[in-house]
Structures are given as C-alpha cells and as structure tokens.
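> predicted model follows, preceded by the sequence.
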Amino acid sequence: MRIGIDARALGWAGLGRYSRNLLRNITTDGNENDYVVFASNAFAGELSNLPRTRFVPVTSSYYSLREQTVFLAAILQERLDLMHFLHFNAPIFYRRPFVVTIHDLTRFFFPAQKNNGQFHQWAYEEVFRSAVLHSSKIITVSEHTRSDLVHYFPQVAEKTSVAYEGVDESVFKQEGDELTEKEKLAKIGIIAPYILFVGVWMTHKNLPRLLLAFRKVKAEGYAGKLVITGEGLSHHVNVGQLVKELNLQDDVVLPGRVSDEMLPTLYRRAQMLVFPSLYEGFGLPPLEAMACGTPVAASRTSSIPEILGEAAVYFDPYSIEDIAESINKILLEEGLKEKMVGLGLAQAKNFNWKKCARETLSVYNTVSAKIPVAAYLP
C-alpha cells in the first residue's frame, strides 16, 4: 500500500515521541508499504532518511482553516491507498480510507485547556466527532481510552482496537555516568536530591495539589527540592506564581521544557517521579522513569493503573494528604524504593515500540482487506 502519515506533531512532547517512534518502526518492520509523511520542513532531514518514505512539507497547523483546505489538498494530491492521522485532526471532508489514533479524551473532561472559549471547544468536538465517525479504523493507546471513546461514541466500538505506546530502551535505561550527569543537571540549576514531575502545566496535570503536597513533605523534614519541567500557556496553571504564593521559591526548580537528550539523566538522578494527573490516556513519563530505575508515585485514576500495574505507589490525586503520604512512603519506608525500582524495570519492558508498530501494521492490513480493488486503480 501507499500510506500517508500525518506527522505534524513531531515537535510536540508526548505526541511527538509517539509519532517519531512509530515512524521509525513501521518503516523498518519488514513490510513492503510505501509511506508519504506530512510534516514541517524542520524535520525534512530526519524523515527523508527513513526507508521507503517520501517527505511532503506542510505548514498547515492543527485547528486551522488551512488544515481543512491546503492540507486536505496536499493529501488528496498524493493519491494514497490509506491515510493515518496520528492525532484526531483529520480534515472533515476527507472521505478516502483512513485510520486515526485517539490518545485521550482530555478535552471532553477538561474543556478549553488549549484555547479558551466556547467556539474552540465546539470546533474541537466537531473535528473529533468527524474523525472517529468517518474513520475506517480507530487505534487507542489504552483500554481505558477505548472505554472512554465508546462511552461517547458507542457506534465505533467494533472498529476500535488498542495499540499501547512504548519505551525506547536504547534511550531510557538505568545506566548513566553519575559525575557527568550531575554536572549536566547543575548547568540547568538542578542539584540532587530532588523529586521530579515531567509534563505540561495543564489543569488535568494537577500541579496545585502536587505543590501543596510537597509543601507538606518539606514541613515534615524533606531536605531536597521539587523539579517541575515543562511550561504553560497564558490560560494554563501559573506554576511560577503559585510557587511564590506558597513561599516555595527556594524549594522548587522550574527548568522549563527539558530536551529529549537531558530527560533520561533527569529521570535517573531523581529520588522519584510523582505523576499526579487527574486524567491520562496513556502516560509516558512514569514508564520512562521506571525504565531509568526511578520509583514512581502516581494517581490511582484513568489509564494509569492499567499502564503501571503493580509497579507504582498509588494515591488519590484529589487528596493532598494522600499524595504527601505516598511521597514520604517511598522516601522513608525501608526497602520500598529498591522493591519499586525492580518492579518498575520489569513493567517498562512490557511496552515497546516494535510491538506498537506491529499492531498498527495489523490495523492497516485489516483496512486494506476491505478496500475494493477498484480503489487502487488510477
């Protein structure tokens, strides 16, 4: 088949990692498909080096009029047998066979996080609805996300399947030179010991409760710091302002968005990763931390227990006291940290990108088998 891949999110954090690793693995998995990848010119070199891949530059961003017009024209021009939208933003008038990946339904539960206003929320829901209803097949990244999707759209249950995301073991691993890594972290203002959060500053990430829980942990004697990576938009949680209001300026480090090269080091040198999200469709940071040998305290909600299994210390994300208690448990309970490290390393091995690619290719083949032969003719 000649398969199109919408990789416009390559520059993003979680979705960018999904896009990059899926592309690397579906193009080298022994299949004979040809791929046409649509992405920004910034990724031309990276994508052009993939086997059997043609790169098409596009400037049509998500949630734009150009997405519904210029991007649509670019896809149609390539005469594809199948299109895979790695995010739900498929042009609403695209009617050839396509697969869409649904990562979560966050904006159904937490509306207006990316853009304020009722119009943007309406537009989001309309584009989402069009994608899931007109798709040939839907891939979700967890059973929980599939359940959420079927709750809102019961008519798509039969065409929806799960392909878990993965952890790149060549990048996220336990080994690292301690002295070199401490020097790298010091350059961005991070000195051990520290507790770590990795993610964006959106409402569902639950950062205000994390800060309040950390203040409680500090009051009970913790000598280290809290490192919160990422950044927010003007209408997101103002973490910097909240840190000042809680008088935690000397105890919280905000290094901004950390590079992919620095992230494994940040995981390895942390005493733990705390993942307090109220909702996740999958959640890569705790798995990546586990692969680096770092214990995880995480929310007992949405897809998180499905992904982390028995390898995390869980808490109620709405309870400041429970979050603080779980942090202290890992810090203070004898032998627990070592136990959680072992469980985490084993759990992370259950998720890999090669398996994700194989399951995705299986979806492509299922769709292909249902496409009439005439559809392939010029």
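Received, thanks.

> M83 in helix, strand or coil?
strand (DSSP: H, G, I helix; E, B strand; the rest coil).

> got it, and F351?
With three-state DSSP as the criterion, F351 reads coil.

> what about it, how many neighbours?
If you count neighbours by other C-beta atoms under 10 Å, F351 ends up with 20. To be clear about C-beta, it is placed using only N, CA and C from the backbone, and glycine gets the same treatment.

> and for the one 3 residues further on?
Other residues near K354 number 14, with proximity taken as other C-beta under 10 Å.

> can you tell me the closest non-neighbouring residue to it?
The shortest distance from K354 to any non-neighbouring residue, by C-beta to C-beta, 6 or more residues apart in numbering, is to N25 (5.5 Å).

> quick check: that neighbour vs R66, distance?
When C-beta to C-beta, to the nearest Å is the yardstick, N25 and R66 sit 30 Å from each other.

> stretch 181-190: end-to-end distance?
Stretch 181-190 has its terminal residues 11 Å apart, counting by C-alpha to C-alpha, to the nearest Å.

> got any ranges where the stretch 51-200 of the chain has weak pLDDT?
For the stretch 51-200 of the chain, the stretches flagged by pLDDT under 70 are 112-117, 119.

> just the helices in it please.
65-68, 70-77, 106-109, 118-134, 143-152, 178-186 (DSSP state H, counting those that start in this stretch).

> mind listing what's buried in the second one?
Along helix 70-77, the positions that meet the burial threshold by neighbour count (16 or more other C-beta atoms under 10 Å) are F71, L72, A74, I75.

> domain map for the chain?
As assigned by automatic domain parsing, the chain contains the domains 2-166+352-376, 178-348.

> out of the ones you listed, which gets nearest to F172?
Closest approach to F172 among the domains of the chain is made by domain 178-348 (4.0 Å; C-beta to C-beta).

> end-to-end on the closest one?
With C-alpha to C-alpha as the measure, the ends of domain 178-348 fall 22 Å from one another.

> in JSON lines: the domains of the chain, plus distance to F172.
Converted to JSON lines, those look like this (distance: least, C-beta to C-beta, whole Å):
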{"stretch": "domain 2-166+352-376", "distance to F172": "10"}
{"stretch": "domain 178-348", "distance to F172": "4"}
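
> highest mean neighbour count out of the ones you listed?
Highest mean neighbour count among the domains of the chain (mean count of other C-beta atoms under 10 Å): domain 178-348, with a mean of 19.

> surely R24 touches P51?
No: using C-beta atoms under 8 Å, R24 makes no contact with P51, being 10.1 Å away.

> ok, back up a step: in a markdown table: the helices of the stretch 51-200 of the chain, plus distance to E165.
A markdown table is the format used below for those (distance: least, C-beta to C-beta, whole Å):
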| stretch | distance to E165 |
| --- | --- |
| helix 65-68 | 24 |
| helix 70-77 | 25 |
| helix 106-109 | 16 |
| helix 118-134 | 19 |
| helix 143-152 | 11 |
| helix 178-186 | 26 |
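
> nearest to P276 among those would be which one?
So among these, helix 106-109 is nearest, using C-beta to C-beta, at 15.0 Å.

> off-centre distance for that closest one?
Taking C-alpha atoms, centre = their mean, to the nearest Å, the mean C-alpha location of helix 106-109 is offset from the chain mean by 15 Å.

> so what touches it?
With contact meaning C-beta atoms under 8 Å, 6 or more residues apart in numbering, helix 106-109 is reached by Q113, K114, Q121, Y124, E125, F128, D148, Y152, M202, H204, Y279, G281.

> from the residues you listed, which is closest to F88?
Out of those, the member with the shortest distance to F88 (by C-beta to C-beta) is F128, at 5.0 Å.

> ramachandran angles for the residue lying closest to the closest one once chain neighbours are set aside?
Ranked by C-beta to C-beta, 6+ apart and with sequence neighbours excluded, the top spatial neighbour of F128 is F88, at 5.0 Å. The phi/psi pair for F88 (degrees, to the nearest 10) reads phi -70, psi 0.

> thinking again about what came up before, export the buried residues of helix 70-77 to a markdown table and append columns for distance to P264.
Shown next, in a markdown table, are the buried residues of helix 70-77 (distance: C-beta to C-beta, whole Å):
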| residue | distance to P264 |
| --- | --- |
| F71 | 34 |
| L72 | 39 |
| A74 | 36 |
| I75 | 36 |
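
> that's a helix at V367, yeah?
Yes: with three-state DSSP as the criterion, V367 is part of a helix.

> my guess is it contacts H84, does it?
No: the pair V367 / H84 is not scored as a contact, 9.5 Å apart, by C-beta under 8 Å.

> need the residues touching each of the two.
Going by C-beta under 8 Å, 6+ apart, residues that sit against V367 and also against H84 are V99.

> what segments of the stretch 201-350 of the chain are helices?
Counting by DSSP H, counting those that start in this stretch, the helices of the stretch 201-350 of the chain are 207-219, 239-245, 263-269, 284-291, 304-308, 320-332, 336-348.

> state the mean pLDDT of the third one.
This points to helix 263-269. Averaging pLDDT along helix 263-269 gives 97.
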